[in-house]
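**Q** Have a look at this prediction, sequence included:
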Amino acid sequence: MAGAARARRNAPPREEVLAAAMEMIAERGLEKLTMAALGREVGMSSGHLLYYFGSKDELLLRTLEWSESRLGAGRARLLAAGGSARRRLDAYVDLYVPDGHRDPHWTLWLEVWNRSQNADDDARDRQAAIEGAWHRDLVALIAEGVSRGEFRPVDADRFAARLRALLDGFSIHVAIGLRGTDRTRVLGHVGEFLDEALGTAGPANV
């Protein structure tokens, strides 16, 4: 017990560990993120990391939650910005779609999704909370566009669910580097779909 207490006192802040994990994923890929390698990066033993996080699954989920909190702050800013609902919807899509092949945030998401097949209820609830935040923001934005007459009347919740399914599918293609599916092409496809489905004129709206 004394050793564990010393570990708690001497450990870097948890956020530093999570930031280091995200940086390792970005620079070296998820396959290089081991407890031992992360421990060397932050000056802790793999045993101490396991003491804090319990498992690599928990480390990955907490790293995703940390990364999502930063994205959530950016999403809140863009949704609160002025201009048309469509312009903000384009910004939402831009934030959602990966930057490119092996985008670290999406690489992490895909791994957490894969491991969720055997996850417990707590982990599944936390993943659902992340998904729910994206969904609620999108529903509110679509509902605003409909109420202002910018968008064709649609059920905002149902439309958001379908749009996010489309975004997820395209985003996976971008993140894994599927040939013929790059970020620019995906944004074009999504923009055309929004024009057709919502009856908008695209980014020209102000």
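**A** Good, I have the coordinates. Numbering: from 1, shown residues only.

**Q** Look up the closest residue to the residue nearest the centre of the chain, ignoring the ones flanking it.
**A** Residue closest to the mean C-alpha point of the chain, counted by Cα atoms, centre = their mean, is residue 68 at 5.3 Å. Leaving aside its sequence neighbours, residue 68 sits nearest to residue 130 (Cβ to Cβ, 6 or more residues apart in numbering; 5.1 Å). Where C-beta positions appear, they are placed from N, C-alpha and C, glycine not excepted.

**Q** go on, residue 19?
**A** In space, and not counting its chain neighbours, residue 19 is closest to residue 66: 7.4 Å by Cβ to Cβ, 6+ apart.

**Q** Verify the stated contact: the one you found with residue 13.
**A** No - if you go by Cβ atoms under 8 Å, residue 66 and residue 13 don't touch, sitting 11.4 Å apart.

**Q** who has more neighbours, these two?
**A** residue 66 (16 against 9; other Cβ atoms under 10 Å).

**Q** how about the helix or strand the residue nearest to residue 68 falls within: buried residues?
**A** Using DSSP states H and E, the element containing residue 130 is helix 121-147. For helix 121-147, burial by neighbour count (16 or more other Cβ atoms under 10 Å) applies to 123, 126-127, 130, 133-135, 137-139, 141-146.

**Q** Of the residues you listed, which is the nearest to residue 171?
**A** residue 134 (11.6 Å; Cβ to Cβ).

**Q** Could I get the contacting residues of the residue nearest to that closest one when sequence neighbours are not counted?
**A** Closest residue to residue 134 apart from its sequence neighbours, by Cβ to Cβ, 6+ apart: residue 164 at 6.8 Å. By Cβ atoms under 8 Å, 6 or more residues apart in numbering, residue 164 lies in contact with 134, 135, 138.
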